[in-house]
Every structure is written in structure tokens, then in C-alpha cells.
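Peer 1: Sequence and predicted model, in that order:
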Amino acid sequence: MSGFEGKVALITGAAHGQGRSHAVRLAQEGADVVIVDVCAQLPRVPYPTGTRAELDETAKLVEATGRRAVAMAADVRDPSAMAEAVALAEEEFGHLEIVVANAGINLSGQPTHELDDEAWSLVVDINLTGVFNTVRAAVPALLRSQMANKSIIMTSSAAALRPPIGIGQYNAAKLGVVGLMKTMAAELGPSGIRVNSVNPAAVGTDMIMNEAIMKNFVPESPAPTMEEFAERAQSMNALPIPWLEVVDVSNAVVWLASDEARYITGVALPVDPGVLVK
């Protein structure tokens, strides 16, 4: 891909999983990065959330490509922390051109009308308001940059386009991301800033590779095996695979940020093995 030399990217949720992969792939293409993660275990999340050691490891993986990485512990729910992350990018590199608002969580499934306030707020505050906090903080810096082809990429989900049962707060937040993306694409287009989302199906990360989330897919089993989970997951896809690898999503992120996609904006890009056509 072209158009990354000299550019700086801010990636949230970068301690592991998709965020780490996005940071490394953007660095491989020539971008320096500012990587952010909460670096703490979040309540009620049924899998390990990012740690400072993992975020530092992401920085080392970026630096192994020959690019620079600056790491910061920050919670996307905190607007002031996201403003600090953007300020750090400009302080360290002088400018910012790419934003990947990737941080997100999921909880174990239950009927939406049985959700308690915390279960609703935790997911919506991170997966939707956290995206808003990130891009709101970043837009002034993008406007200040003198480089061409500036890009915001928000992580949504195939669940926004075909919502499964049992994770209503997740579906609502991810569909909200699509609405936010389309609005900001229209607003920022005249300033030369493109805004898109990636909408992945299941990705082989800790977010789904745990018993609580696997039970969302195989609710009839009290303790689904990996084989049962893989069979059920693959049955949802048109292509004969159970889930995506992180690099599959990262390649889409890189393309959306590249010069090859310079006139693509306002698009919710499915990255799925045919979930939406099955």
C-alpha cells in the first residue's frame, strides 16, 4: 500500500488482539504510531483485557519494523485522557494523520431486557462513547496536519449489520458507530478527512476465545468445546472457515487508510467470511 511514509497513526485498544495487529501492519507500511490501551482488567469482562506489559510488547513489535512507537495507558471513556493521547502524538511527532478507534469489549450473553445498568453502560461507554471521545479529540489535530489523505477508521462489527441475539448492548453500540461514522464522513469530507468503519465478523482473539462468549454461539451446551464452537461458528459463514485472523482485519484497516482508498469515505466495510450473505 502507498501513502504512509511520514504519517502518524493513533490506535486505541492496542495492547493485544486487533489493535496490536493494526499497529504493526501500519508500521510495516511506514507509519509511526501512538498506541493506547486501558492497561487494566475491566469489571465483568470474561477474558483478560490489556496490560501495560502487553502494550509495551506492541511497541517493541512496532519498533522491530523500523518505525517509532509511543505507548500510553488511557481509558477511552475519559475524554481528557484521549485529548492527552492526541497531544502526545503531536508533541512526539508534530502531526497526526490516521486514527484507528479500535478499543472495544463484549460481555457474556443474556436477553436484552434482562440487562442491568452496568452491563449496558460498560459496553456502550467503551464501544460507542469511547470511539466518539477518540475521534472528537483527534479531529483538530487532523485538521492541523498539512498532509493529504487523512483517515479515521472506526471498529464496528458485522453484528451492527446483522445483529445476533443475546448481545443487545454490543449490537446497539456497534450500530451506533456506523451512524457516527457516516455523519462524520459527511461533516469532514470538505476538509479532506475520510471516515470509514471496519465491520468484522468473529475474529480469533481473546474476546471470543473464552467460555462465556463461546456459550453465546453454542447456548445449548453448558461448556462448549473448541470443536463445537468452531463448527457452529463456521456454519454461520459462507466461506469454509470458523473465524478471521487479526491480520485479515488489519489488512482492511491499512487499505482504508492508504492512497489506494483515497476516495472511499462513509463506508461500513464488512470483513467477514460471508456472514452477511449466508
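Peer 2: Nice, I can see it.

Peer 1: Return the residues in contact with residue 98.
Peer 2: Applying Cβ atoms under 8 Å, 6 or more residues apart in numbering, we find residue 98 in contact with 7, 8, 9, 10, 26, 31, 150, 151, 152, 153, 257. Where you see a C-beta, it was placed from the backbone N, CA and C, and this is true even at glycine.

Peer 1: 10 Å instead?
Peer 2: Taking Cβ atoms under 10 Å, 6 or more residues apart in numbering, we find residue 98 in contact with 3-4, 7-11, 22, 26, 31, 33, 138, 142, 145, 147, 149-153, 253-254, 256-258.

Peer 1: Which pLDDT does the model give it?
Peer 2: You'll see residue 98 listed with a pLDDT of 98.

Peer 1: Return the residues in contact with residue 214.
Peer 2: Applying Cβ under 10 Å, 6+ apart, the residues contacting residue 214 are 46, 108, 208, 221, 223-226, 228-230, 232-233.

Peer 1: at 6 Å instead, please
Peer 2: 224, 229 (Cβ atoms under 6 Å, 6 or more residues apart in numbering).

Peer 1: Equivalent analysis for residue 162, please.
Peer 2: residue 276.

Peer 1: same thing but 8 Å
Peer 2: Contacts of residue 162 (Cβ under 8 Å, 6+ apart): 275, 276.

Peer 1: Start at 57, not 1
Peer 2: Let's use 57 as the start, then, which means that last one is residue 218.

Peer 1: a strand runs through it, doesn't it?
Peer 2: No - assessed with DSSP: H, G, I helix; E, B strand; the rest coil, residue 218 is coil; it does not lie in a strand.

Peer 1: Ramachandran coordinates for it?
Peer 2: phi -150, psi 80 (degrees, to the nearest 10).

Peer 1: how far away is it from residue 232?
Peer 2: 16 Å (Cβ to Cβ, to the nearest Å).

Peer 1: so where do the strands sit in the stretch 207-334 of the chain?
Peer 2: 249-256, 324-327 (DSSP state E, counting those that start in this stretch).

Peer 1: hey, which of these is tucked in deepest?
Peer 2: For the strands of the stretch 207-334 of the chain, the largest average neighbour count (mean count of other Cβ atoms under 10 Å) is found in strand 249-256, namely a mean of 25.

Peer 1: Show the average pLDDT along that one.
Peer 2: On average, strand 249-256 scores 98.

Peer 1: Just put the strands of the stretch 207-334 of the chain in JSON lines and tack on distance to residue 213.
Peer 2: Below are the strands of the stretch 207-334 of the chain laid out as JSON lines (distance: least, Cβ to Cβ, whole Å):
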{"stretch": "strand 249-256", "distance to residue 213": "6"}
{"stretch": "strand 324-327", "distance to residue 213": "10"}
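
Peer 1: Show me the beta-bridge partners of residue 89.
Peer 2: residue 65, residue 125 (DSSP bridges).

Peer 1: Residue 154 too?
Peer 2: residue 65, residue 207.

Peer 1: quick one on the thing from earlier: and of the strands of the stretch 207-334 of the chain, who's closest to residue 222?
Peer 2: Among these, the nearest to residue 222 by Cβ to Cβ is strand 249-256 (18.4 Å).

Peer 1: returning to that earlier point: hmm, which of the contacts of residue 154 are the buried ones?
Peer 2: 59-60, 63-67, 78, 82, 87, 89, 194, 198, 201, 205-209, 309-310, 312-314 (16 or more other Cβ atoms under 10 Å).

Peer 1: where along the stretch 57-206 of the chain do the helices fall?
Peer 2: In the stretch 57-206 of the chain, the helices defined using DSSP state H, counting those that start in this stretch lie at 73-84, 108-119, 135-149, 173-180, 186-200.

Peer 1: Please disregard the earlier target; I meant the stretch 207-334 of the chain.
Peer 2: Using DSSP H, counting those that start in this stretch, helices in the stretch 207-334 of the chain cover 224-244, 267-273, 282-291, 302-313.

Peer 1: mind checking which of the ones you listed is nearest residue 95?
Peer 2: helix 302-313 (19.4 Å).

Peer 1: CA atoms only for the closest one - export them in CSV, please.
Peer 2: The C-alpha trace of helix 302-313 is given here as CSV (Å, rounded to 0.1, in the frame of the first residue of the first chain):
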residue,chain,number,x,y,z
VAL,A,302,-6.4,-10.5,13.2
VAL,A,303,-4.3,-9.7,10.2
ASP,A,304,-7.4,-10.1,8.0
VAL,A,305,-9.0,-7.1,9.7
SER,A,306,-5.7,-5.2,9.8
ASN,A,307,-5.2,-5.5,6.0
ALA,A,308,-8.6,-3.9,5.6
VAL,A,309,-7.7,-1.1,8.0
VAL,A,310,-4.4,-0.5,6.1
TRP,A,311,-6.3,-0.4,2.8
LEU,A,312,-8.8,2.1,4.1
ALA,A,313,-6.0,4.4,5.3
